[in-house]
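Visitor: Give me a 3D structure for the following:
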Amino acid sequence: MTIAILAITAYLAVPSITSMYATNEIEAAQQDVAQALRKAKQFARSVNTTVSVVFTLNQKDNTISFSLPDGTNQLPDGIILNTVELPGNVAVSSGNATYGFNALGIVDNTNVVPIPSVITLTSGRDANKTRSVTLLNLLGQLQVD
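Guide: Numbering: from 1, shown residues only. Here you go, the predicted structure:
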């Protein structure tokens, strides 16, 4: 009898646990995207150079990396801007986009990124779970929904 009750409880709990996991995963990815954009803007201003945020998306993994004008990810003071790996179960709508910030922290339009620009994240576990990060203006203000 006890085993039957445990089996029924587990059967009922699995969908809610899966949904909770998908929610946590998509929210973490959303924060990673927003933080990467903020970090690029901050570093561009602090070292007086352009810093780009590069989204590399494929079926195997999704990454956010940083690039300076010389093609490296190491700032003059030795700080290395590490690549951020997004969860594999999260689809990002921005494609293989690049967002740049110039030395003033203003969005660098040489990459022809439309403003406002919406980056949509969708859970691979539950397509109804979506989040977005919107680059609102040339000043780099973000809206996280």
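
Visitor: The protein: helices as residue ranges?
Guide: Taking DSSP state H as the test, the helices found in the chain are 2-47.

Visitor: in it, which residue is closest to the centre?
Guide: With distances taken as CA atoms, centre = their mean, the residue of the chain nearest its centroid is residue 33 (2.3 Å).

Visitor: doesn't residue 120 make contact with residue 92?
Guide: Yes - Residue 92 lies in contact with residue 120 (CB atoms under 8 Å); the separation is 7.4 Å. C-beta: built from backbone N, CA, C; applies to glycine.

Visitor: Now for the residue nearest to the centre of the chain: which residues touch it?
Guide: When contacts are counted by CB atoms under 8 Å, 6 or more residues apart in numbering, residue 33 touches 64, 86, 92, 119, 121, 133.

Visitor: so what pLDDT did it get?
Guide: Looking at residue 33, its pLDDT reads 88.

Visitor: Also the one 5 residues further on?
Guide: At residue 38 the predicted local confidence, pLDDT, stands at 91.
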